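# Pasted the sequence and its predicted model underneath.
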Amino acid sequence: MADQINYYDVLGISREASQAEIRNAYRNLAKERHPDHPGGSAEEFSLLQEANAVLSDPNRRRQHDEALDLAHAADQLAGLNLDFGSVEDELSAKRRERESDGPSLGERLRSRFGRKEDDPYESMRREARGSGRGSERRTRGRYDVSEARWYEPHRFDPEPITLKSGAISFVAAFLAFIATGQIGLWATTP
């Protein structure tokens with residue numbers, strides 16, 4: 001609490017002191033430490049005035065109490081020797097233990113929500129996994145890459161582009177362009 005000034009200690013009162021006790025403590029100390037009084041100093045007197053101003057106002061007193069609590073908690077935490085490296089080592093050991101023991105998440109999900117036996121695309125998936133360039137099993141972590149990209153194949157045969165279909169597409173795009181007003185402004189310019 002080196003950065004936080006404890007105004008209760010400045011006035012010599014407890015944190016539970018009433019407004020009357022704060023006022024009496026301030027008056028007594030102000031008489032003793034006033035700069036005009038022998039043995040008094042301006043610095044001590046200004047600190048007394050600041051303590052009285054803060055503790056007399058309920059809002060500022062509440063803020064001061066919260067700041068004292070935070071400073072006290074920070075001092076307590078600073079005294080602890082927290083080693084986050086050991087926590088990280090412990091978590092990574094748990095992760096390695098979990099990975100080495102038992103089935104993986106994918107295996108557990110497949111056993112729980114297994115695919116139906118009459119899946120028409122299963123044979124195509126198996127062929128796709130084993131064919132092509134680099135047909136060896138590639139894994140990322142514990143899962144096959146091909147399993148991570150699971151999808152249903154679709155037949156897609158686009159119609160070939162003919163002169164008629166190309167012309168219709170061009171005219172439709174051109175009319176849409178004019179409708180948005182882009183060419184309309186350009187064409188009407190003298």
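Structure's in. What do you need?
# Could you list every helix and strand in contact with the lengthiest helix in the chain?
Criterion DSSP state H: the longest helix present in the chain is helix 58-79. Applying 3 or more CB pairs under 8 Å, 6 or more residues apart in numbering; DSSP states H and E, one finds that helix 58-79 contacts helix 42-56. No exception for glycine: its C-beta is placed from N, CA and C like everyone else's.
# got any ranges where the protein has weak pLDDT?
1-2, 81-85, 98-99, 101-103, 114-158, 181-190 (pLDDT under 70).
# what are the ranges of the helices in it?
7-11, 19-33, 42-56, 58-79, 84-100, 105-112, 122-130, 145-148, 163-179, 182-187.
# most neighbours per residue, which of those helices?
helix 7-11 (a mean of 19; mean count of other CB atoms under 10 Å).
# what packs against that one?
With 3+ CB pairs under 8 Å, 6+ apart as the test, helix 7-11 has helix 19-33, helix 42-56 packed against it.
# Including distance to Asp9, could the ones you listed go into a markdown table?
Converted to a markdown table, the helices and strands packed on helix 7-11 look like this (distance: least, CB to CB, whole Å):
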| stretch | distance to Asp9 |
| --- | --- |
| helix 19-33 | 11 |
| helix 42-56 | 9 |
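# For Pro58, give me its contacts.
Applying CB atoms under 8 Å, 6 or more residues apart in numbering to Pro58 gives no contacts.
# which non-adjacent residue is nearest Tyr26?
Asn52 (4.2 Å; CB to CB, 6 or more residues apart in numbering).
# can I assume the one you found is in contact with Ile22?
Yes. With contacts counted by CB atoms under 8 Å, Asn52 reaches Ile22, the gap being 6.9 Å.
# which residues are common contacts for these two?
Leu11.
# Contact partners for Tyr48?
Check again: residue 48 is Leu, not Tyr. Leu48 neighbours (CB under 8 Å, 6+ apart): Val10, Leu11, Tyr26, Leu29, Ala30, Arg33.
# actually Gln19, not the one I wrote
With CB under 8 Å, 6+ apart, Gln19 has these contacts: Ser56.
# how near is it to Leu55?
According to CB to CB, to the nearest Å, Gln19 and Leu55 sit 8 Å apart.
# related to what we said a few turns ago, out of the helices and strands packed on helix 7-11, which comes closest to Ser104?
helix 42-56 (60.7 Å; CB to CB).
# angle of the closest one against helix 58-79?
Using axes from the mean of the first three to the mean of the last three CA atoms, to 10 degrees, the inter-axis angle of helix 42-56 relative to helix 58-79 is 110 degrees.
# Could I get the CA-only coordinates of helix 42-56 as CSV?
Listed next in CSV are the C-alpha coordinates belonging to helix 42-56 (Å, rounded to 0.1, in the frame of the first residue of the first chain):
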residue,chain,number,x,y,z
ALA,A,42,2.2,23.2,5.9
GLU,A,43,2.7,19.7,4.3
GLU,A,44,1.2,17.9,7.4
PHE,A,45,-1.7,20.4,7.6
SER,A,46,-2.5,20.1,3.9
LEU,A,47,-2.5,16.3,4.3
LEU,A,48,-4.9,16.6,7.2
GLN,A,49,-7.2,18.9,5.2
GLU,A,50,-7.2,16.4,2.3
ALA,A,51,-8.0,13.5,4.7
ASN,A,52,-10.9,15.4,6.3
ALA,A,53,-12.3,16.4,2.9
VAL,A,54,-12.2,12.8,1.6
LEU,A,55,-13.6,11.1,4.7
SER,A,56,-16.3,13.7,5.3
